[in-house]
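In: attaching a predicted model along with its sequence, questions to come.
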Amino acid sequence: MNQAPSHTQPSGNTSLTRREALRFFGLSAATTLVAPGLLGAADEQPKNAPAVIGAQPGFYRFNIGSFEAIALFDGGMAGPATQLQLWNGHTADEMAGEFKNAFLPTDRLRLPFCVLLVRIGSELVLIDSGAGSLFGPIGGQLPGHLAAAGIKPSDITAVILTHAHGDHMGGLLDPVTQKPVFKNARHFVHRREFDFWNGSSPDLSKLNLPEADRQGFIAGARTHLAAIPFDKIKGGDKLLDGIEIIDAPGHTPGHIALLFSSGDEQLLHVVDCVHHHAISFAQPDWSICFDADPATAIATRKRILDRAAADRLRIFGGHLPFPSVGHVRILAKGRYEHVIEPWGTI
Ligand SMILES: [Zn+2]
């Protein structure tokens, strides 16, 4: 027999009186939440109210155990949903149906770019670099938001590149000098990723993109992987006393996820195992056109989401809604749900 928890169905013995409840929140029963006259009548509003539009905050601080972390907003990509047919074999109407289920506009697709910074001891570790100038006009906002958070590029001691796509590596090189932006950092990339893009013929035959775009992906990856001396890593490697590299192939052959562990707390950076907080969770069998190997990417997505849900892991993603921290819930019939973590701590 199900026993309802007392906090959802208080019994007469355990329920708080109104006065006790107010005292619990530091209020007396006599306190009014809005002082009389504060809001005033409509005709008393000041004529010169300050504008409330403007830039949104682009960084968000949180902790993973004793690690200090910052989610950094790099902008993103956006456009009419009918023109951005990103999911292989799925129509704009199917996309719109998923957006409607998630209370999103049905005519516009937005994919944010999120970058993670973690301080582990004396190390400042950046996971990916944002898009720089490589992925559309809205991306590449990382430098400004890094500065707003009080971090200089020269402060970064390690950069882990999760895969060599423009929206993740475009910020590695100065667009003018083509020199490394994070000049004091060691850079890491999966051996398989490095070899794939530098191979004689990267097998991007399954990439559902026009040929010019396909060639652009290859050229961009080769330029960035050649301009920086990368240390090569592989699944299972432990880096910087708190980061485990997890093989997550499919999106690209050397695509990785990362597990951060500090004390009892963990965070799983799922990177591009998911691309959209509604579609990738509700329709895990949908493959995005940027997947080099769609079938493998789908299998990897389910494995990573299953693990995150089973272990109740906090997750972070490359394209989840900023600040990108949340959890995974398994729904019926092979569907998942992204549960956004509330902003801030009190
Ligand atoms: Zn991406």
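Out: Received the coordinates, thanks. Predicted model only: the values in this text are computed from it and were never measured. Numbers count the residues shown, from 1 in each chain.
In: which stretches of the chain have low pLDDT?
Out: 1-46, 82-84, 200-208, 345-346 (pLDDT under 70).
In: got the residues of it near the ion?
Out: Residues of the chain found near the ion (Cβ under 5 Å from the ion) are 167, 272, 318. (C-beta placed from N, C-alpha, C; glycine too.)
In: let's see which of these end up in helices.
Out: Using DSSP state H, the members of the residues of the chain next to the ion that fall in helices are residue 167.
In: the residues of the chain next to the ion into JSON lines, with extra columns for neighbour count?
Out: Formatted as JSON lines, the residues of the chain next to the ion follow (neighbours: other Cβ atoms under 10 Å):
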{"residue": "167", "neighbour count": "27"}
{"residue": "272", "neighbour count": "28"}
{"residue": "318", "neighbour count": "27"}
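In: now the residues of the chain next to the ion as CSV including distance to residue 291?
Out: Shown next, in CSV, are the residues of the chain next to the ion (distance: Cβ to Cβ, whole Å):
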residue, distance to residue 291
167, 14
272, 9
318, 14
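In: between the residues of the chain next to the ion, which is closest to residue 155?
Out: Using Cβ to Cβ, residue 318 is the member of the residues of the chain next to the ion that lies nearest residue 155, at 22.1 Å.
In: spatially nearest residue to residue 155 (excluding sequence neighbours)?
Out: Nearest in space to residue 155, with sequence neighbours left out and distances taken as Cβ to Cβ, 6 or more residues apart in numbering, is residue 124 at 5.4 Å.
In: same question for residue 190.
Out: The shortest distance from residue 190 to any non-neighbouring residue, by Cβ to Cβ, 6+ apart, is to residue 254 (3.5 Å).
In: phi, psi for the one you found please.
Out: Backbone torsions of residue 254, given as degrees, to the nearest 10, read phi -110, psi 20.
In: count the neighbours of it for me.
Out: A count of nearby residues for residue 254, using other Cβ atoms under 10 Å, gives 26.
In: which residues sit in contact with it?
Out: Residue 254 sits next to 163, 164, 189, 190, 191, 192, 193, 194, 195, 196 when contact means Cβ atoms under 8 Å, 6 or more residues apart in numbering.
In: out of these, which sit inside helices?
Out: Residues of the contacts of residue 254 located in helices (DSSP H): 191, 192, 193, 194, 195, 196.
In: burial measure for the closest residue to the last one other than its chain neighbours, as a count.
Out: Using Cβ to Cβ, 6+ apart and skipping the chain neighbours, the partner closest in space to residue 196 is residue 253 (4.6 Å). A count of nearby residues for residue 253, using other Cβ under 10 Å, gives 20.
In: try residue 220
Out: 19.
In: repeat that for residue 107.
Out: 11.
In: list the contacts of the nearest residue to it once chain neighbours are set aside.
Out: Once flanking residues are discounted, residue 107 sits nearest to residue 81: 5.6 Å by Cβ to Cβ, 6+ apart. Counting by Cβ under 8 Å, 6+ apart, residue 81 makes contact with 92, 95, 96, 99, 106, 107, 108, 109.
In: so how far is residue 86 from the third one?
Out: Distance check for residue 96 against residue 86: by Cβ to Cβ, to the nearest Å, it reads 13 Å.
In: these two: who's more crowded?
Out: It is residue 86, of residue 96 and residue 86, that has more neighbours when counted by other Cβ under 10 Å, with 20 against 17.
In: which residues does residue 328 contact?
Out: Residues in contact with residue 328, defined by Cβ under 8 Å, 6+ apart, are 281, 305, 308, 309, 313, 315, 336, 337, 338, 339.
In: which one (most neighbours) among those?
Out: residue 315 (26 neighbours).
In: who's it bridged to?
Out: residue 268, residue 326 (DSSP bridges).
In: and the residue nearest to residue 196, how far from the ion?
Out: To the ion, residue 253 is 15 Å away according to Cβ to the ion, to the nearest Å.
In: what does residue 314 give?
Out: For residue 314, the distance to the ion - Cβ to the ion - is 20 Å.
In: list the residues that contact that residue.
Out: By Cβ under 8 Å, 6+ apart, residue 314 lies in contact with 64, 265, 266, 267, 268, 325, 326, 327, 341.
In: next: residue 140.
Out: Per Cβ under 8 Å, 6+ apart, neighbours of residue 140: 74, 75, 130, 131, 132, 133, 134, 170, 171.
In: if we go to 7 Å?
Out: By Cβ atoms under 7 Å, 6 or more residues apart in numbering, the residues touching residue 140 are 74, 75, 130, 131, 132, 133, 170, 171.
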